[in-house]
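*Asks:* Structure, please.
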Amino acid sequence: MSNSIHRSVILSLWLLLLCGSVRWSWAEPDASTRISNADETRKAHSPPKGFKTQKDLILKELDLRPGDVVVDIGAGDGGWSEPMAKLVGASGAVHAAEVSQTKVDQMKTKFASLPQLRPYLCPTDGPGLPPNSCDLAFISETYHHFDKGTQVAYLKGLRSVLKPNGRLVIIERYTETGLGNGEHGTPLSRLIRESEESGWVPVRAELIPTTYHYIAIFAQKDLFPPEPAKQEGKAKKKSAPKKS
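*Replies:* Numbers count the residues shown, from 1 in each chain. Now for the predicted structure:
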């Protein structure tokens, strides 16, 4: 991707996230950036709702199917792992990763009747799962908790855990909105930069309606092979015949 196109993509992301009620994605190239009513847009975010109120919309965005294998990094109390486990069914699995043994034990007790939900104690530098084992990595409000300076290495490591067509989904508070420059969130521009350095390509990013959180979805760079090099000389125009 050339620098000019890269800048255009980032600018489009910024404008559309600012609008709040509109979407941008490769799947919807005709989405409009027009804001019909500025006051209504402000009202929808005053105050911003919790992003978990949009759980159905987010789960639909994930497009999980029976048999999928998910790693939920920073699963907490299993609030996302549980509905995802129901979507992937008995033939799938949701690895609920936590760095706290207490939380792991609590999830094991809470979800004992849901065998495809598999809580486990994971290391802090990666999910600790076998290579090529997952269809989706889900990181909700956890990315900003990664140790400073380790984000690129962590995202690089995730690439080996995911299948070649696996996706990475990150939900974070968008610190450039009403929150301002806080620690409990990640500027979208930084996430995009770090993900690209790690070999990921952003395929969708949008502000979750009525919230100050965004959802960003990435695919592996290897899915987008380089364009063939142009062969010089073949495209040259033939000289016009000289007038007599």
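*Asks:* mind showing which ranges of this structure have poor pLDDT?
*Replies:* Across the chain, the ranges flagged by pLDDT under 70 are 1-33, 44-49, 178-183, 232-244.
*Asks:* run the last query once more with 50
*Replies:* Residues of the chain that meet the criterion pLDDT under 50 lie in 1-30.
*Asks:* and the top strand by length along the chain, which residues are buried?
*Replies:* Determined from DSSP state E, the single longest strand within the chain is strand 162-173. For strand 162-173, burial by neighbour count (16 or more other C-beta atoms under 10 Å) applies to 162, 166-173. Bear in mind the C-beta positions are built from the backbone N, C-alpha and C, glycine included.
*Asks:* which helices and strands sit right next to the very next helix or strand once past it?
*Replies:* The C-terminal neighbour of strand 162-173 among helices and strands, as given by DSSP states H and E, is helix 188-197. On a contact count with 3 or more C-beta pairs under 8 Å, 6 or more residues apart in numbering; DSSP states H and E, helix 188-197 meets helix 3-19, helix 151-161, strand 162-173, strand 200-207, strand 213-220.
*Asks:* now the next helix or strand after the first one, how far from the chain's geometric center?
*Replies:* With elements assigned by DSSP H and E, the helix or strand that comes after helix 3-19 is helix 38-44. On the basis of C-alpha atoms, centre = their mean, to the nearest Å, helix 38-44 sits 26 Å off its chain's mean C-alpha point.
*Asks:* What residues of helix 38-44 count as buried?
*Replies:* Neighbour-count burial for helix 38-44, counted by 16+ other C-beta under 10 Å, picks out residue 41.
*Asks:* Report the beta-bridge partner residues of the nearest residue to residue 191 once chain neighbours are set aside.
*Replies:* Distances taken as C-beta to C-beta, 6 or more residues apart in numbering place residue 216 nearest to residue 191, at 6.1 Å, with adjacent residues excluded. Beta-bridge partners for residue 216, by DSSP bridges, are residue 170, residue 205.
*Asks:* Can you get me a residue count around residue 216?
*Replies:* Residue 216 is flanked by 24 other residues according to other C-beta atoms under 10 Å.
*Asks:* repeat for residue 206
*Replies:* Around residue 206 there are 21 residues (other C-beta under 10 Å).
*Asks:* Could you do the one 5 residues further on as well?
*Replies:* The number of residues packed near residue 211 is 22, by other C-beta under 10 Å.
*Asks:* going forward can the numbers begin at 26, since that is how I track them
*Replies:* Done: numbering now begins at 26, and the last item shifts to residue 236.
*Asks:* For the host helix or strand of residue 81, give me every contacting residue.
*Replies:* Taking DSSP H and E as the criterion, residue 81 maps to helix 80-87. The contact list for helix 80-87 (C-beta atoms under 8 Å, 6 or more residues apart in numbering) reads 76, 108-109, 112, 161, 163, 194, 196, 229, 233-234, 240, 242.
*Asks:* Identify the farthest-apart pair in those.
*Replies:* The most widely separated members of the contacts of helix 80-87 are 161 and 234, with 21.9 Å between them, by C-beta to C-beta.
*Asks:* Same drill for the two, tell me which one is more crowded.
*Replies:* Ranked by neighbour count (other C-beta under 10 Å), residue 161 and residue 234 place residue 161 first, with 22 against 16.
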